[in-house]
Every structure is written in C-alpha cells, then in structure tokens.
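S.K.: Sequence unavailable; structure follows:
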C-alpha cells in the first residue's frame, strides 16, 4: 500500500491564532484514484479537516481548491498527476472561513449582478419558444459552468477588484444570456458592462481558461462581449 | 455555547428545506405569489444533486413522433409494477408538457430539433401505443439535463428574489400537540448557531438517501435528512423497500452513466460479447425498465458471464455509434468515462455495474404535495402545515420501480403543485402564526448536546461504513430471506452505535464532523425503514426481488408499506387504482 503525503492549509478561527500548514500522510488503496478519495480518508484520520464536497464527479462545483499552486476540483484531479507532498490551500483571493473553505459571497454577488436569468418580456407562447440547432449551439461552452470559482479566483484582476470586476465566471454567464436568441436584453446587458471595471478589468491573462475544470473559455466569451460593444458603436 | 442557548426565532409564511429541483420549483411558485419564503439548503442551490441528472425529463410533447400522456401514464403504471397510485400518475403525466414548456420559458437550454422544437430521445420503459415500441419522450439538454434544469430554476429564483439560507442544515421538525407542523430548527454551518424557522407551511424537498448503500451514484449530501426528521416527528415512511439500482454505474467508482446512452443506441454486452438483454426483454431489449436490466446484469455476473479478471462487471458498448453523436449528445458521458473508467467510449466499451441510484419510497403525500397519514381509518388525512416533494416524497408515482426521466418530471410537477397548495393553504390560514410549543427546539438541542458531550463513543466514519456494508450485502438487487432477517438484526446493532457517535472536532465554525454525525442520524432511520420493509414484503415486485417469493402477489401485497419509527413497526395502505379521469389500468403480467 502506497502512502500519499499532503501539506494542508489549516485555520480554525475558533482556536487558531493564525493559519498554518499541516503535514498529513494517508494510506492509499488501489481504488483511490482522485484527490478527493484520499482527502476523504485524511478526514477519517482527523475529523477536524474541513472542506466542501458533494457530487464527487465534477458537476456540483463544491470541492474547488488550490492544488499544488493551481486551482482545480479535488474530485477530478488524479492523485498520480500530483507531485508530493501535495500542497492544498483554499482558493486564493477570497476570505477563508476555515481550512479549505472560503467565503464565496463576493463571487456570487458578481454572478448575481449580471442578471443571470433569461429576460424576455413577450407573453410566453403556449408551447416552447423555437430555437434552431445552430442558435442553440451558440450556448455550448457557456451554459455548462458549475460555478466552482476556480477561474475567478485565479484571475489577478479579480484579486485586486473583487467588488468591482465581474470576473470570468460572471462574464461567461453574462455572455450565455447575450448569446441566447430567446433573450431580449442584449443592449441593457451591454450597457451594464460598459464600465472601466465590470468588464474592462479583463486583460486577457487567460488564467481562467487554464483553471477551468470543465474546459470552458471565459476569455473567449469576454472577447465576444467586447466585440459586440465595438460593433454597436459603428 | 450558543447552540445550547435559547434559539432565535425567524418567522416566514413558508419555508422550504432543500434547494434541489423540487425545492427550487416550489420556491418559484411561492416567491412569485408574494409570500415571505425562506429556502434552507445544506449547499449552494446549484450544488444540489439534481445537478447530476443526465438523460432527460419525460413529457409527451410528441416533437419527433406521435405521443400521448395516456401512453406515458400506462408506461409509468407498468414501470411501477402497479404499485404506483394511478391518480398521482395521471396528474403527473398530464402536467408534463406544461411544466417542461415553463422550464423552457425560464431559459433552460434544451437541445433542439431542426424545426426548432425541444429535442427528445428514447428512454427505458417509455413506449408508444401502450407498450408497443420505444418512443422519443425524454426532453434533453445533451447529457446534462439536470444541470441545465437546476441552473435555470435557480436563475428564475434570482429573478423572483427568493430568500436563501445557504449552508444551513435543518435539524428537526417542530410539531405541536395537534400534530400541526410549525417549522424546523436549523443550524448555520459557518457559526454553529441554531435558529427556529417558524412557518405556516413547511415543505421538505430534501432529496434522496442513496448514501445508505456502500455503492451509490448519489452525492455525499444525499443523506435522507427529510426522512430522518419526519420519522423522528412521528411521520411514517412509505414503500421504503423499493430502491432503484441503476444498471450503469461506472464499475468501482459508482458514478452514473445515463440510460440516455442506451437511448442513443448503446448496447450492454457480457464477456462473450453477447447482447444479453435480447434474452431477458426481447421487445424493449436494452431499453427495458431499470429493475429488469439490473436483474439481468446481476444474473449474467452470477452465472459467470461478467467481464474483467474478477468477472464482476459488464460492458456498455457505444463504439458502433457515430463519434459525432457521442460528442454532441453525450459529451459529459465521455468526460466521465475518461475520468473515472479511464476509457474513451468512442473507442472502447465502458465497464458498468448496477449501482444504488434512487429511492422510490419516502414521506407519504397526495398529489397536491400535502403529507398524509392514517387517521380514524382513513389513509389520506392531511398533516396540517406539512408538505413534501421530489425524491424525499412518495406520491406515489414510481411505485416499485421508477422509469428514467420520471424523476425530473416528478420534481417539477410536485414541486409546483406543493407550492400551489402552500399558497392556497396559507391564504386560508389566520394572519398570525400559530404559537410554537415550549419544547419546540428540545429534540434538536438534545441531539447537539449529546454530540457535544459524548465520550468513549463510536467513530462516525466507522459506523457509517458498517451501515453501508450491511445495506449493500443484505438488501441489494436480489434479496434472500435469511440475509434480510440477519440484516434487520445487524442494522439495529448499527443503530446502537449511531446513538453514541463521538466527534473530536468541537469547533463552532463550519464543523463538518458534526454535520456528518447529524446526517448519520438521518441515514440510519432510512436504513432501518428499508431493511424492515424489505424483510416484511413477501413477494417480488419491481425493485424488490425476493429469491423465496419470485412472483408478484397481488392478492396479498398490492399495498403500500408504511414504516413507523416508534416500535419499528409496519402497517399498510391500499394502492390507489383509480385515476382521476380515465379508466383504471388493469393489473397484468409485466413483460418488456
């Protein structure tokens, strides 16, 4: 049986004056494939290690963390791909509640700020609104976001201005509605983003693309929003 | 210790426990009606387990070929092995088009046909013309239907300004001396603070409890919290012996592979390469009902035709499909297969085994989402102030076996109808809240105090593992009389350990060890209900397959089981064979 070595960021404001890194060693069984499998085992040994997790298959977005310096989901990260000791820290740039659990309020606030819902003020028809397969295709790569925050918390612009810059996840969501032929609020959405901070703090650093565990491309979506802004000027 | 102090009281018209599909659908109804509503959830809403649903939601839209709600109703009754209540089934199938179209209007990104309508694919047990041949009824967004649906409903709730209490765990139900439900106690994870949420109407939409089994497609959070709370408050649990084992969980990992794979043309094969479902279900083949396919797979493995070095799994073959179909219709499955099976389904088959997936039973309700109990000889006495919808509820539309895509439909239809019932019931109530009982928070506080002070107790993880092993070994796809009898004894032994669990972490801040201990209190109620009900039902019907009673026994067992926590006892109630407006679907032998 092989062992897996970690260094885990620990902080419990109830008892710790300040955060510290703790060395943890866990016995690995053959069936342990993902980082989450082994992190769950670390918790069997020490029930005070705190982290979020739910679906364990990369669709709920709970177990995002900073793994060897890079943001990712524990449930989709192969143990074999990681250099040991595996350094586990909370997502950067957000306040830490405890251990690997961050306060995501600011992240969700930005998501909510883009009006993340379909706006269509026509009286709804009796049946579905029609959309061609090609029009629907435009939403691929946008609607699949799981709001894990790997992208926004890897973005230097979001670190500096989390209260003013919408961030890659929120902007991806904004473009998801702009790109939807059923949505009627494109102009209002563009007005809302035409701001030195909300959209234009994105400098195409592309950390978001690198960090996204679902293979989505927020930078590309942001580029399309910028294109639309230019196009409506001319 | 703030958790032991007298809790704060927060008043709402309505509270919803759980922010998955059913909870969010009900919340839309309540928020848009202007009532003061709180939604309490252990996780941020889009992390609820509805997000993991893949293949589709059933509705007889008829976008690709002729279909009707009567055919859908027939399939659902047959799928339920006639244990489903036909009034609730008619209600659900008739409402399907309406709720799916609403969802489209909310912005759900359904896949589309060339004519612009919602894309539909075939699914197990869904047939045209009363069981004749597979029909395209599953409305899909690629293989991420649950994700697309949950996000669309969360977004609609953002628009409706629904008030969420995120990362709060409901602890116990508050009932007064008349049995009326007046709210819940709940704990904020971040601070450990316990609060009473007082309400005129309380909806449980807490989802499933698949974590009672060792191998499950379910998320960590699926711990049957609503069922545990209901059982502790004296509400019986209905039809708990019926658990769905999904035919295609990834071998070893348990992660779900949608039936939509077979809907798109995927085939199950044994070690000889044979398409074995042709022998078990000559007409529907790989698209027979899930209980039928899972039993066939378990039989193939038992008879030595499993694959791999230990002959313990079967193969789901998609290699004959056009890679474009896989990339366009099943992209998530390809990802899951690469991640958890290490195989690319375009080139290689996926190793799969039947895996615990869905709880057909639950908190007994009528089709209005109101919780019902037996009182004065009637089986439909409404518990005032209490509602349940989605997987935690038993309406009962799934009976002894649920059809694929009927779960997403169930949570839409009954989330909405529960929300509507709550709105109208609240309007009929006095403006002031009914007075809370003095001891309203005692149960929750005593559970927390017990955990706080427990010494030399049992390890939560070890007890949970013991429970999951007992359930897996004693109450699986095939059930044996001696194993069930032993299972009852063993699960009651595990319960003794649950009563003395000990946690080392005593922090008030996001104490996940405490949460897991509290969840185990709920899981064990579900496990006991399951084992006792399965032991008692001496017949085979749907997902209950007894070696000693291989046939369905309508003379003695065409009835619902009701498990009561107090005394660990059972009673029964009749199946509603009379639909709302059409003729009853008469009993007959169930073949696919």
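M.R.: Arrived safely. Keep in mind it's a predicted model, so treat the numbers as computed, not measured.
S.K.: Output the below-cut-off pLDDT ranges for the chain.
M.R.: Using chain A here. Scanning chain A for pLDDT under 70 picks out A:1.
S.K.: that's the wrong chain, I wanted chain B
M.R.: Within chain B, the stretches falling below the threshold (pLDDT under 70) are B:1-5.
S.K.: show me what contacts the residue nearest to the spatial centre of it?
M.R.: Centroid check for chain B by C-alpha atoms, centre = their mean gives residue B:391 as the closest residue, at 3.0 Å. By C-beta atoms under 8 Å, 6 or more residues apart in numbering or on different chains, the residues touching residue B:391 are B:22, B:207, B:208, B:358, B:359, B:362, B:407, B:410, B:411. In short, each C-beta sits where N, CA and C put it, glycine included.
S.K.: burial of the nearest residue to it once chain neighbours are set aside, as a residue count?
M.R.: Distances taken as C-beta to C-beta, 6 or more residues apart in numbering or on different chains put residue B:208 closest to residue B:391, at 4.2 Å, once the chain neighbours are dropped. Neighbour count of residue B:208, defined by other C-beta atoms under 10 Å in any protein chain shown: 30.
S.K.: Ramachandran angles for residue B:208?
M.R.: Main-chain dihedrals, residue B:208, degrees, to the nearest 10: phi -90, psi -170.
S.K.: May I ask you to name the longest helix in chain A?
M.R.: For chain A, the longest helix by residue count, based on DSSP state H, is helix A:218-233.
S.K.: Can you give me the distance of the residue nearest to the centre of chain B to residue B:415?
M.R.: Noted for residue B:391: a distance of 11 Å to residue B:415, by C-beta to C-beta, to the nearest Å.
S.K.: what do the two both touch?
M.R.: residue B:22.
S.K.: Give me the residue at the spatial middle of chain A.
M.R.: Short answer for chain A (C-alpha atoms, centre = their mean): residue A:149, at 2.1 Å.
S.K.: Quick one: residues contacting it.
M.R.: Contacts for residue A:149 (C-beta under 8 Å, 6+ apart) come out as A:61, A:64, A:91, A:94, A:104, A:107, A:169.
S.K.: how many neighbours does the closest residue to residue B:572 other than its chain neighbours have?
M.R.: In this structure, residue B:572 finds its nearest non-sequential neighbour in residue B:559, 4.4 Å apart by C-beta to C-beta, 6+ apart. When neighbours are counted by other C-beta under 10 Å, residue B:559 registers 15.
S.K.: can I assume residue B:559 is in contact with residue B:570?
M.R.: No. With contacts counted by C-beta atoms under 8 Å, residue B:559 stays clear of residue B:570, the gap being 10.6 Å.
S.K.: mind listing what the residue nearest to residue B:217 when sequence neighbours are not counted touches?
M.R.: Nearest non-adjacent residue to residue B:217, counting by C-beta to C-beta, 6+ apart: residue B:256, 4.1 Å away. By C-beta under 8 Å, 6+ apart, residue B:256 lies in contact with A:57, B:52, B:54, B:217, B:246, B:248, B:249, B:250, B:336, B:355, B:357.
S.K.: Pick out the most distant pair among those residues.
M.R.: Using C-beta to C-beta, those span at most 14.7 Å, a distance reached by B:336 and B:357.
S.K.: how much space is there between the closest residue to residue B:174 other than its chain neighbours and residue B:232?
M.R.: Leaving aside its chain neighbours, residue B:174 sits nearest to residue B:440 (4.4 Å; criterion: C-beta to C-beta, 6+ apart). Distance, residue B:440 to residue B:232, using C-beta to C-beta: 13 Å.
S.K.: who has more neighbours, those two?
M.R.: Taking neighbours as other C-beta under 10 Å, residue B:440 and residue B:232 compare with residue B:440 leading, 23 against 19.
S.K.: Please give the element, helix or strand, for that one.
M.R.: Secondary structure from DSSP states H and E places residue B:440 outside every helix and strand.
S.K.: How about the contacts made by it?
M.R.: B:174, B:182, B:183, B:185, B:196.
S.K.: And the helix or strand hosting the last one, what does it pack against?
M.R.: Counting by DSSP H and E, the element that carries residue B:196 is strand B:194-204. Other elements packing on strand B:194-204 under the criterion 3 or more C-beta pairs under 8 Å, 6 or more residues apart in numbering or on different chains; DSSP states H and E are strand B:8-17, strand B:37-41, strand B:168-175, strand B:181-188, helix B:225-232, strand B:378-388, helix B:406-427, helix B:442-453.
S.K.: ok, for residue B:68, nearest residue in space, not its chain neighbours?
M.R.: Sequence neighbours aside, residue B:60 is the residue nearest to residue B:68 in space, at 5.5 Å (criterion: C-beta to C-beta, 6+ apart).
S.K.: surely that neighbour meets residue B:67?
M.R.: Yes. Between residue B:60 and residue B:67 a contact is recorded at 4.0 Å, counting by C-beta under 8 Å.
S.K.: shared neighbours, the two?
M.R.: The contact lists of residue B:60 and residue B:67 share residue B:137, where a contact means C-beta under 8 Å, 6+ apart.
S.K.: Can you spell out which residues form a bridge with residue B:17?
M.R.: For residue B:17, the beta-bridge partners are residue B:40, residue B:204 (DSSP bridges).
S.K.: contacting residues around it?
M.R.: Taking C-beta under 8 Å, 6+ apart, we find residue B:17 in contact with B:23, B:40-41, B:170, B:184, B:186, B:202-206, B:225-226.
S.K.: Give me the angle between the strand holding residue B:196 and helix B:406-427.
M.R.: Counting by axes from the mean of the first three to the mean of the last three C-alpha atoms, to 10 degrees, strand B:194-204 lies at 110 degrees to helix B:406-427.
S.K.: Quick one: distance of strand B:194-204 to the chain centre.
M.R.: Mean C-alpha position of strand B:194-204 versus that of the full chain (C-alpha atoms, centre = their mean, to the nearest Å) differs by 22 Å.
S.K.: same check, this time on stretch B:540-556
M.R.: Relative to its parent chain, stretch B:540-556 has a centroid offset of 22 Å by C-alpha atoms, centre = their mean.
S.K.: burial count for residue A:164?
M.R.: Considering only other C-beta under 10 Å, residue A:164 is surrounded by 15 other residues.
S.K.: and the closest residue to it other than its chain neighbours, what is it in contact with?
M.R.: Distance criterion C-beta to C-beta, 6+ apart; nearest residue to residue A:164, sequence neighbours excluded, is residue A:197 at 3.8 Å. Residue A:197 sits next to A:161, A:164, A:165 when contact means C-beta under 8 Å, 6+ apart.
S.K.: Please apply the same query to residue A:71.
M.R.: The contact partners of residue A:71, taken as C-beta under 8 Å, 6+ apart, are A:64, A:65, A:91, A:92, A:150, A:151, A:153, A:154, A:211.
S.K.: Over to residue B:304?
M.R.: Taking C-beta under 8 Å, 6+ apart, we find residue B:304 in contact with residue B:311.
S.K.: Now with 10 Å, please.
M.R.: The contact partners of residue B:304, taken as C-beta atoms under 10 Å, 6 or more residues apart in numbering or on different chains, are B:270, B:271, B:311.
S.K.: Could you do residue A:162 as well?
M.R.: Residue A:162 neighbours (C-beta under 10 Å, 6+ apart): A:93, A:94, A:95, A:105, A:106, A:107, A:109, A:110, A:152, A:153, A:155.
S.K.: So which of those residues is the closest to residue B:104?
M.R.: Comparing the contacts of residue A:162 against residue B:104 with C-beta to C-beta places residue A:110 closest, at 27.2 Å.
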